[in-house]
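>>> can't give you the sequence, but here's the structure:
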């Protein structure tokens with residue numbers, strides 16, 4: 001860290017924060033301070049934010065930092081049960097909604113808050129998200145499936161075109 005700034009303070013998280021909380025804080029601060037958005041005044045702050053993230057995202061570096069500064073972070077507490085957020089077997093791309101509930105149906109998203117979830121799982125939990133996602137460019141490949149999930153009684157546009165040609 002430049003001038004040995006405390007990475008917990010830079011990201012605004014407590015020392016016992018989970019990796020998920022740290023990642024969320026990093027993303028929020030990076031979005032607010034990115035030099036592409038705020039210009040050169042964000043360069044130094046973005047450097048600090050990136051250095052803090054590099055230190056705290058890696059459990060070994062975080063433990064070393066905590067040991068060197070006398071702090072007790074989440075990784076430094078002996079005998080503590082690991083949190084679900086810190087599960088090393090969990091894919092890094094799982095979105096903010098957490099791991100999927102386990103009843104997959106349809107295509108699986110690899111972006112957004114429901115990353116790792118199938119469209120059917122999202123439909124059961126948050127139909128509003130599907131409605132919002134419908135017109136997003138990243139969901140172009142899934143539009144027909146989303147329409148079917150939102151309105152199962154709706155006619156398939158491809159069938160309508162075929163009927164018109166006969």
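Yes, it's here. The model shown is predicted, which means the values in this text are computed figures rather than measured ones.
>>> show me the contacts for the residue nearest to residue 130 when sequence neighbours are not counted.
Using C-beta to C-beta, 6 or more residues apart in numbering and skipping residues adjacent in sequence, the residue nearest residue 130 is residue 146, 5.3 Å away. (C-beta placed from N, C-alpha, C; glycine too.) By C-beta atoms under 8 Å, 6 or more residues apart in numbering, the residues touching residue 146 are 119, 130, 133-134, 139.
>>> Could you verify that residue 146 is part of a helix?
Yes. If the criterion is DSSP: H, G, I helix; E, B strand; the rest coil, then residue 146 is within a helix.
>>> per-residue confidence for it?
Reading off the confidence values, residue 146 has pLDDT 91.
>>> follow-up on the earlier one: and the contacts of residue 146, which two are furthest apart?
Within the contacts of residue 146, two members stand farthest from each other by C-beta to C-beta: 119 and 134, at 11.1 Å.
>>> Compare neighbour counts for the two and give me the winner.
Set side by side, residue 119 and residue 134 give different neighbour counts by other C-beta atoms under 10 Å, the larger being at residue 119 (22 against 14).
>>> Give me the spatial nearest neighbour of the more buried one, chain neighbours excluded.
Beyond its immediate neighbours in the sequence, the residue positioned closest to residue 119 (C-beta to C-beta, 6+ apart) is residue 106, lying 3.9 Å away.
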